[in-house]
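A.B. asks: turn this into a model:
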Amino acid sequence: MSEIVTRGRLLRETVAPYAAREDRAGVTKLSISLPTEMVEVVRAAAAESGMSVSATIAAALRRTLGDAEQALLDAALEAQAEENLAFARAYEPIAMDLISKLEW
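C.D. replies: Got it, this is the predicted structure:
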């Protein structure tokens, strides 16, 4: 099996969940230039999946944009987690003082 076919299969499997079939009403034609090898891989993935080259590229873009958005969300959650931990550590002595004053 050639490397292009193998890479095409991997691309097809990667973008399959993102291959939403949209009607043509909201489509804009766009001319782009890509390296020849990349075009061959995309064409192989499209042929194997039964999708058009445009749909395959759109699915890959959806995946890339989704991954980028998820990375931003993950970073925001991580920053918030650090802030929450700092707050909890700052509040700990106050909580301990309040707990020590409770009558059990």
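
A.B. asks: give the residue spans of this protein that score low on pLDDT.
C.D. replies: 1, 17-25 (pLDDT under 70).

A.B. asks: top helix in it by residue count?
C.D. replies: Using DSSP state H to define each element, the chain has its longest helix at helix 53-100.

A.B. asks: packing partners of that helix?
C.D. replies: Applying 3 or more Cβ pairs under 8 Å, 6 or more residues apart in numbering; DSSP states H and E, one finds that helix 53-100 contacts helix 3-15, helix 36-49. In short, each C-beta sits where N, CA and C put it, glycine included.

A.B. asks: so what's the gap between it and the chain middle?
C.D. replies: 15 Å (Cα atoms, centre = their mean, to the nearest Å).

A.B. asks: so who does L34 touch?
C.D. replies: V42 (Cβ atoms under 8 Å, 6 or more residues apart in numbering).

A.B. asks: separation between it and A71?
C.D. replies: According to Cβ to Cβ, to the nearest Å, L34 and A71 sit 24 Å apart.

A.B. asks: picking that back up, would you format the helices and strands packed on helix 53-100 as CSV with distance to T64 and mean neighbour count included?
C.D. replies: Listed next are the helices and strands packed on helix 53-100 as CSV, based on distance: least, Cβ to Cβ, whole Å; neighbours: other Cβ atoms under 10 Å:
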stretch, distance to T64, mean neighbour count
helix 3-15, 9, 17
helix 36-49, 13, 17
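
A.B. asks: out of these, the one nearest E82 is which?
C.D. replies: Nearest to E82, of all those, is helix 3-15, at 31.9 Å by Cβ to Cβ.

A.B. asks: residues making contact with the closest one?
C.D. replies: Here helix 3-15 makes contact (Cβ under 8 Å, 6+ apart) with 37, 40-49, 56, 59-60, 62-63.
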